[in-house]
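> Structure here, sequence nowhere to be found:
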């Protein structure tokens, strides 16, 4: 119980640090959402735009000191003119900010709640990330095992080179290469955009192939290399030698003693892959124009939607912490030594 | 991430060699400054009775390969199908008061309507939601009375004849002695008779009250319509004599009086007006601030209820879907496609690929590399074709005249002479773009086409700099004055390919006259902030302007300040007088004369280094027919198009 409380406290401190750093980075970056809201880049600023900018900044406390802005973002009290009476507000909107579970509304689209928008975007990103994670794991685990068991063979060398190349290939580059090869300009097998909403299920699947491949190849390379190392490590263990000495068939040695024990480090990766993929979706979604969380974060950053970007970072942070917790849980669940240590 | 997008913009689809060839061509052009076309263009006759727009583009399917209207008549239009078009951004709102972006205007054209509409192909205004309208004048007497009607001069008096009905303030004509008249304002009272039987998409009838609500909201500061509010500043009074009549009063003569009614669209009072008993959230004593917040944050801003021939059925993160209502008052102009889908594709190169793959039917945002690559791409040509058109928009470099080094007109003129726009046009646009000398529509009355753009002339540029005291005193290769080299910062938007190509070439040609150009490619929000704060030397931008721009905002000395439209902080008494005269002149011909004088005066000042008229390069599915192009934004009319299989 104490461990759980400690863990929750650590997670809360990590999230607070994340929120603070994100807030500072965003607010200290040049650019002003108010200027963007009232200045169309292709036309002259309208007369009165300055007054509008001042009103906008005042309404969103963008004209206040950074600590005040941070407290407004953190909550739970709304410090604006419409906010809590304790802070001189009208009492119309008392609660605000993260501690009030309110992610706020967008600056440019005030009718859009960031929480609901993020929810919609996650409905696009999470299925893509899950499919990518499953694909990566399904291919990476057997590949890593096969490589390790045939260590030094031509297959191992080729597979190692391939995974190393994949691991070193930036996602945006991979995406562009895949588009060039399989998009309309190449073999024409897949569409250029990752559209989903307007398509049938079959269409959505077709549109998702290239993005899924892009999102999974890095994870595949990473997990397979980890798996190979884990198997190689296990093969050298005394209990494997003992199993072989007992005359067990090689198949049984591999499946029961080597693979099972090597899966342990891979299990810990399971929890880390999902947040990694969700974070990596920023690039893939932007290149393929997929309206997921990554693209939302990127577009919001361009529009200086501070709260929306911070919300995306926060969700990624929460998922990362949850992933780490899942890893620890799986490790404890499948490693008897840790279970005994706990008891 | 940015680099990924930039890379995509750099590489033409499937044809990297084109990129290479274009780069070499540009390099050669830049290395051979003497090859620029220095000869001044032959002066064109000044526009004396030019129409509002030039109509040379309006032949249907003008760019369709092999299409000859004489031999190959258009196939009969057929109703049905889906048209898919690219939009480069999602509108933040469809409430036209809150979002004045070109994207929302494009969509609203199909789903909404206004009192007057400007014909895209003639430039003339005609009633849309109004079936007729009457324009009257105002006579202001010395004792402050304002009488309106048709003013007829009769010897020593003015006769005020009431022409509009119902509810006119004068029951019969009235004679006013000239000695009692303080002022006469022409074209200041507009009375509209609304079309009968127009209904909102939710089935409720359109009422005069819906227009009054729009007008009232523009007067509430908290309503976030600041991009449009100034248009209604002089519209000081509005009334609805009955359910189907509206009367609007201007407080002065205003050149854009009629154009204001293009933007005066109705808002459903039963949805947006808290004080309307028909509103489900009715609150009779709602304050202006409450009403403003209600409007600013109303869900209907996205779930739009309009009065146009199409209604919105989907508005998501991938775009919008419009469906023909089939109940519009003008069936013959209600569109041929049953569905119109606006697909949000931010990356223009991706839109080109989507068009090649048949995923969209139209994009008007082809980048130069893709546009020229399409000409040799058999896969593209099987499915689509390309073309171009111009709407009033031009690239320019704005100089900050508050900077002492740029305050001297000789320095600014030297910078203009050291800019090889022609090489830029030849290399980047392959001749498609055209030079301009003002931020006015060059096909209209206001533009003086006799003005010859400054040539590329490094020798003259150097001489002018020397005359202004800038020459290379220390032998380091840069001109200097009072111990300071002439170094100019230029802001440009990062990732804007045309901007990058231009600033690179400008940097090189300026170096040849000893001027250093420090290019800062920044994110757009940062550019906007720096320009608003006047924290810049120069900025490269593309400006979209209306058919008739208001020069007062851009050039009048009263507009000098932080965050205003007078970005270069220009100030000159004679220009002030011309801009004041322009905005008060309602006769288009006389206004044209003023504008052309202003044009000549301003071009001599070189406060802006005017660049090129940027073409809209479009690609369209071969099966889409009856595509007419126009100089009025957006340059085409989706409602005329149909698919011929």
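Alright, I've got the coordinates. Source: prediction; values computed, not measured.

> CA atoms for contacts and neighbours, from now on please.
Will do.

> For the strand or helix carrying residue B:176, the averaged confidence score.
Residue B:176 belongs to strand B:174-177 when assigned by DSSP states H and E. For strand B:174-177, mean pLDDT is 94.

> counting contacts, what elements does it pack onto?
The elements that strand B:174-177 packs onto, with contact taken as 3 or more C-alpha pairs under 8 Å, 6 or more residues apart in numbering or on different chains; DSSP states H and E, are strand B:157-161.

> what's around residue A:120, how many residues?
Residue crowding around residue A:120 was assessed by other C-alpha atoms under 10 Å in any protein chain shown; the count is 16.

> pretty sure it is in a helix, no?
Yes: membership of residue A:120 in a helix is supported by DSSP: H, G, I helix; E, B strand; the rest coil.

> list the contacts for it?
For residue A:120, the contacting residues are residue A:292, by C-alpha atoms under 8 Å, 6 or more residues apart in numbering or on different chains.

> Can you give me the distance of it to residue B:318?
Remark: distance between residue A:120 and residue B:318 (C-alpha to C-alpha, to the nearest Å) = 12 Å.

> returning to that earlier point: need the contact partners of the strand holding residue B:176.
Here strand B:174-177 has contacts from B:156, B:157, B:158, B:159, B:160, B:161, using C-alpha under 8 Å, 6+ apart.

> Quickly run through the sheet partners of it, with directions.
Paired neighbours of strand B:174-177 in the sheet (DSSP bridges): strand B:157-161 (antiparallel).

> May I see the buried residues of the partner strand?
For strand B:157-161, a neighbour-count test (16 or more other C-alpha atoms under 10 Å in any protein chain shown) marks B:157, B:158, B:159, B:160, B:161 as buried.

> And the pLDDT for the nearest residue to residue B:474 once chain neighbours are set aside?
Counting by C-alpha to C-alpha, 6 or more residues apart in numbering or on different chains, residue B:474 lies nearest to residue B:480, which is 7.9 Å off, once chain neighbours are set aside. Residue B:480 carries a pLDDT value of 95.

> rewinding a little: off-centre distance for the strand holding residue B:176?
In terms of C-alpha atoms, centre = their mean, to the nearest Å, the centre of strand B:174-177 is found 43 Å from the chain centre.

> Flag every buried residue along that strand.
B:174, B:176.

> again, but for stretch B:139-149
Under the neighbour-count criterion of 16+ other C-alpha under 10 Å, stretch B:139-149 has B:139, B:140, B:141, B:146, B:147, B:148, B:149 buried.

> if I pick the closest residue to the fourth one other than its chain neighbours, what's in contact with it?
Going back to what we said before, that points to residue B:146. Nearest residue to residue B:146, sequence neighbours excluded (C-alpha to C-alpha, 6+ apart): residue B:140, at 4.6 Å. Contacts for residue B:140 (C-alpha under 8 Å, 6+ apart) come out as B:146, B:147, B:181, B:182, B:183, B:184.

> In a helix, residue A:108, correct?
No: under three-state DSSP, residue A:108 sits outside any helix and is assigned coil.

> Where does pLDDT dip in the chain?
I went with chain A, as the question did not name one. For chain A, applying pLDDT under 70 flags the ranges A:39-48, A:194-200, A:274, A:277, A:338-343.

> Switch to chain B, please.
For chain B, counting by pLDDT under 70, the residues that fall below are B:1-58.

> Taking the centroid of it, which residue is nearest it?
For chain B, residue B:545 is the residue whose C-alpha lies nearest the centre (C-alpha atoms, centre = their mean; 3.5 Å).

> OK, contacts around it?
A:43, B:392, B:393, B:439, B:440, B:441.

> Pick the one among the residues you listed closest to residue B:490.
Lowest distance from residue B:490 to the contacts of residue B:545 (C-alpha to C-alpha) belongs to residue A:43, with 18.9 Å.

> circling back to that earlier point, the residue nearest to residue B:474 and chain A, how far apart?
Remark: distance between residue B:480 and chain A (C-alpha to the nearest C-alpha, to the nearest Å) = 32 Å.

> can you point me to the longest strand in chain B?
strand B:181-194 (DSSP state E).

> list the contacts for residue B:447?
Contacts were defined as C-alpha under 8 Å, 6+ apart; by that measure residue B:447 touches B:47, B:438, B:440, B:441, B:592, B:595, B:596, B:599.

> among those residues, who's most crowded?
Counting by other C-alpha under 10 Å, top hit in the contacts of residue B:447: residue B:438 with 28 neighbours.

> Next up, the contacts around that one.
Counting by C-alpha under 8 Å, 6+ apart, residue B:438 touches B:447, B:599, B:603, B:610.

> okay but residue A:211 is in contact with residue A:283, surely?
No: Residue A:211 lies out of contact with residue A:283 (C-alpha atoms under 8 Å); the separation is 9.9 Å.

> For the longest strand of chain B, give me every contacting residue.
The contact list for strand B:181-194 (C-alpha under 8 Å, 6+ apart) reads B:115, B:129-142, B:148-149, B:164-165, B:208, B:244-254, B:257, B:586.

> picking up where we left off before, which strands border the helix or strand hosting the residue nearest to residue B:146, and is each parallel or antiparallel?
Secondary structure from DSSP H and E places residue B:140 in strand B:130-141. Next to strand B:130-141 in the sheet, as set by DSSP bridges, lie strand B:146-154 (antiparallel), strand B:181-194 (antiparallel).

> for the ones you listed, which one ends up most surrounded?
strand B:181-194 (a mean of 21; mean count of other C-alpha atoms under 10 Å in any protein chain shown).

> can you give me the offset of that one from its chain's centre?
27 Å.

> Name the next helix or strand downstream of it, please.
Using DSSP H and E, the helix or strand that follows strand B:181-194 in sequence is helix B:208-217.

> mind listing the helices for chain A?
With DSSP state H as the criterion, chain A has helices at A:2-28, A:33-38, A:49-59, A:66-74, A:114-149, A:154-168, A:171-182, A:201-235, A:238-245, A:250-252, A:260-287, A:293-302, A:306-334, A:336-342.

> separation between residue B:341 and chain A?
10 Å.

> one step back: tell me the one of the contacts of residue B:438 nearest chain A?
Chain A lies nearest to residue B:610 out of those, by C-alpha to the nearest C-alpha, at 14.8 Å.

> burial count for the residue nearest to the closest one when sequence neighbours are not counted?
Once flanking residues are discounted, residue B:610 sits nearest to residue B:396: 4.5 Å by C-alpha to C-alpha, 6+ apart. Neighbour count of residue B:396, defined by other C-alpha under 10 Å: 23.

> show me the contacts for residue B:396.
B:540, B:541, B:542, B:543, B:608, B:609, B:610, B:611, B:612.

> Which ones among those residues map onto strands?
B:540, B:541, B:542, B:543, B:608, B:609, B:610, B:611, B:612.

> what's the closest of those residues to chain A?
Of those, the one sitting nearest to chain A (C-alpha to the nearest C-alpha) turns out to be residue B:543, at 4.6 Å.

> For the closest one, grab the count of nearby residues.
Residues near residue B:543, counting by other C-alpha under 10 Å, number 18.

> Surely it and residue B:395 touch.
Yes: using C-alpha under 8 Å, residue B:543 is in contact with residue B:395, at 6.2 Å.

> Which residue is the nearest non-sequential neighbour of the closest residue to chain B within the stretch 51-200 of chain A?
In the stretch 51-200 of chain A, the residue that lies nearest chain B is residue A:111 (4.4 Å; C-alpha to the nearest C-alpha). Spatial nearest neighbour of residue A:111, excluding adjacent residues (C-alpha to C-alpha, 6+ apart): residue B:297 at 4.4 Å.
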